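Visitor: generate a structure from the sequence data that follows.
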Amino acid sequence: NKRAVMVEPNGKGDAIKDLTSELNDSQNREVSCTKPVRGKSEVIKLTEEAMDESDDEEEVNSAKKKADDKLVRQLLSGAQDVKENEGNIQNKPKTTEEIEEEEFMRELANKPLSYFSNMKELPDAIAKKYYKEISRRWKESEKRIKETEELLMDIKYEDKSLEEDRLEILGELLDKASQSFEICDEHEHRRLPIGHRIVLETRLLTVFNNAVDIINKIVGEFDKLKDDQVGVNDERDQLRYEIRYCDAVFTEVHERFLKSYLEMPW
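Guide: Coordinates of the predicted model:
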């Protein structure tokens, strides 16, 4: 019996040991079972964070779109205001000064170029009104270059004919006369009295338009000298003279532009 009693505690101890071991195994299994759950929680947490970031990005994009829409509305509104202001300006009645200036410019438009040849000593305050008309006439004269070129190109001729020779010299005169624009452009930015500029640019305009008038007259009567060698020779001499005259005027005007710029008399 004593031995039996002694064995019982040992058996109980083994049982306790076994239970402890089983408990540890159970805890280990529980830990191993909870790891995937904890990993899943982390995945869920990361997914929630990604969703939050996506929501933030959507909010930013939405705010940006609203700002862009607002800017577009402001631009459209501003454009509409400008258009309305332009309409108001156009509908605004003209002042007495504006009406008088328009009448003055219409009168100047009908004046010959020689009218502007004696304005050298005009004060700038007065001369600038007349210079507007000179600027307008440059634009009108520029159109004549293309028109005259088209006239010359429309004429039919045979190779090595009198007509070909005549067209060649007419083209040379047009090219020479067109140098008036180059001289004007060369001195455009020089500071000199406006009255001086009016007189000098009037000389250039006169030379150019006279040359174009001669060309147009010859083209209008082109067939009159058909097969007329003597008449063609006389015409060529006249055109050569006009070309030399253009050169002489250009030299004189160029020098006077420089003298005016340097405040030298001429």
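Visitor: any weak-confidence spans in the stretch 1-150 of the chain?
Guide: The stretch 1-150 of the chain contains residues with pLDDT under 70 at 1-57, 59-60, 62-63, 67, 72, 79-91.
Visitor: please enumerate the strands of the stretch 151-266 of the chain.
Guide: In order along the chain, the stretch 151-266 of the chain carries no strands (DSSP state E, counting those that start in this stretch).
Visitor: mind listing the helices for it?
Guide: Secondary structure of the stretch 151-266 of the chain (DSSP state H, counting those that start in this stretch): helices located at 162-177, 179-186, 194-220, 229-261.
Visitor: can you give me the neighbour number for residue 257?
Guide: 23 (other Cβ atoms under 10 Å). Any C-beta I mention is one placed from the backbone N, CA and C, and that applies to glycine too.
Visitor: surely it meets residue 192?
Guide: Yes. Taking Cβ atoms under 8 Å as the definition, residue 257 is a contact partner of residue 192 at 7.2 Å.
Visitor: which among the helices of the stretch 151-266 of the chain is found nearest to residue 74?
Guide: Nearest to residue 74, of all the helices of the stretch 151-266 of the chain, is helix 179-186, at 42.6 Å by Cβ to Cβ.
Visitor: same for the closest one, what does it pack against?
Guide: helix 124-153, helix 194-220, helix 229-261 (3 or more Cβ pairs under 8 Å, 6 or more residues apart in numbering; DSSP states H and E).
Visitor: outside of it, which residues touch it?
Guide: Helix 179-186 is contacted by residues 138, 141-142, 201, 204-205, 207-208, 246, 250, 253-254, 257 when judged by Cβ atoms under 8 Å, 6 or more residues apart in numbering.
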